[in-house]
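fold the stuff below for me.
(one chain, ligands or ions: 1)
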Amino acid sequence: MADDLYREIILDHYRHPRHRGRLDPADAVVEADNPLCGDLIDISVRFDGDQLAGIAFEGTGCSISQAACSMLCDEVSGGSRARARDVADRFRAMLVNGGSADDLGDLEALQGVRAYPVRVKCATLPCNALLQALGHAEDRP
Ligand code: ZN
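Here you go, the predicted structure:
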């Protein structure tokens, strides 16, 4: 039952991605790829003080990578940088270490992916890109 619901959520994000596009100007733009699957993600972020005021992505690849990016952007948009990092860390822990899916919004729908190590790389790609973007932006003077 839950599997069907999760599949619907994943397909919905894949077909109707949230936060699609490119911010201009942006405080950081990060491109990341997963050559194993051919996934490409380009995330741009804009900050207002400590808030993640804007986030957008462009990308191509499998449904898991694109849906994960849409869900991740949705979940962290408008929140603090610290929360964005926390969500990305916990999402990765859910997939890699079997961590809890609590309080991860739609990202919870991807927990079944942890049974497929090759697909875990697809799902964590946007996560790595976001963490890089958050890091870049903090390095700025
Ligand atoms: Zn993929």
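
hey, let's count contacts and neighbours off CA atoms from now on
Will do.

so Glu64, which state does it fall into?
Quick fix: residue 64 is Ile, not Glu. Assigned with DSSP: H, G, I helix; E, B strand; the rest coil, Ile64 falls in the helix class.

which bits of the chain sit near the ion?
37, 62, 122 (Cα under 5 Å from the ion).

surely the first one meets Ile64?
No: checked against Cα atoms under 8 Å, the pair Cys37 and Ile64 is beyond contact range at 10.5 Å.

shared neighbours, those two?
Cys122 (Cα atoms under 8 Å, 6 or more residues apart in numbering).

out of these two, which sits in the busier spot?
Ile64 (23 against 14; other Cα atoms under 10 Å).

test my guess that that one contacts Leu125.
No: in this structure, Ile64 is not within contact of Leu125 by Cα under 8 Å, at 9.8 Å.

what comes up buried for stretch 118-133?
For stretch 118-133, burial by neighbour count (16 or more other Cα atoms under 10 Å) applies to 119-133.

sorry, wrong one. I was asking about stretch 69-81.
Neighbour count says stretch 69-81 has 69-78, 80-81 buried, by 16+ other Cα under 10 Å.
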